[in-house]
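Enquirer: Got a predicted structure plus its sequence, pasted below:
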Amino acid sequence: MNSKVLLVILGLAALTYAAPGFSSEENSFESYESSEAKYSFNYAVKDESSENDFGHQETRDGDDTQGSYYVHLPDGRLQTVKYYVDGDSGYVAEVSYQGEARFPDSASYESNESK
């Protein structure tokens, strides 16, 4: 059992040493991360049977990131969040709601619960 554990540890050490970008002389790891990210995506889900209705879209070009997402809440309102990244200020979001919250009538809810 101990020899198996030792072999696993030695194997992991060998993989770490042989990993691309690892320099044994400097004992450091070089990063190959791109500084200029550029992407755009979106998705939406609307499933009648589960009543799920939500979506998200985002675009990024370098340091400029902006997007929005929405969800239909169980109380009947639509919640929308619009956001952007403003340099060193970070994530800035604006949250809004459309519609009016509707809750079940507590009297009818209690009578249904007792059945």
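Expert: Good, I have the coordinates.

Enquirer: what pairs with the helix or strand harbouring residue 59, and is each one parallel or antiparallel?
Expert: Using DSSP states H and E, residue 59 sits within strand 52-61. Its sheet considered, strand 52-61 pairs with strand 38-47 (antiparallel), strand 64-72 (antiparallel) by DSSP bridges.

Enquirer: what's the closest non-adjacent residue to residue 36?
Expert: residue 62 (5.3 Å; Cβ to Cβ, 6 or more residues apart in numbering). For the C-beta atoms, the positions are set from N, CA and C on the backbone; glycine is no exception.

Enquirer: Tell me how far that neighbour lies from residue 93.
Expert: 20 Å (Cβ to Cβ, to the nearest Å).

Enquirer: can you list contacts of the strand holding residue 59?
Expert: 37-47, 65-72 (Cβ atoms under 8 Å, 6 or more residues apart in numbering).

Enquirer: now the residues you listed: which count as buried?
Expert: 65, 67-72 (16 or more other Cβ atoms under 10 Å).

Enquirer: from those residues, which is closest to residue 80?
Expert: residue 70 (4.6 Å; Cβ to Cβ).

Enquirer: who touches the closest residue to the closest one other than its chain neighbours in this structure?
Expert: What sits nearest to residue 70 in space, not counting adjacent residues and going by Cβ to Cβ, 6+ apart, is residue 80, at 4.6 Å. Applying Cβ under 8 Å, 6+ apart, we find residue 80 in contact with 68-70, 95-98.

Enquirer: What helix or strand is residue 80 located in?
Expert: strand 78-85.

Enquirer: helices and strands around the following helix or strand past that strand, which ones?
Expert: Using DSSP H and E, the helix or strand that follows strand 78-85 towards the C-terminus is strand 91-98. Where contact means 3 or more Cβ pairs under 8 Å, 6 or more residues apart in numbering; DSSP states H and E, strand 91-98 is packed against strand 78-85.
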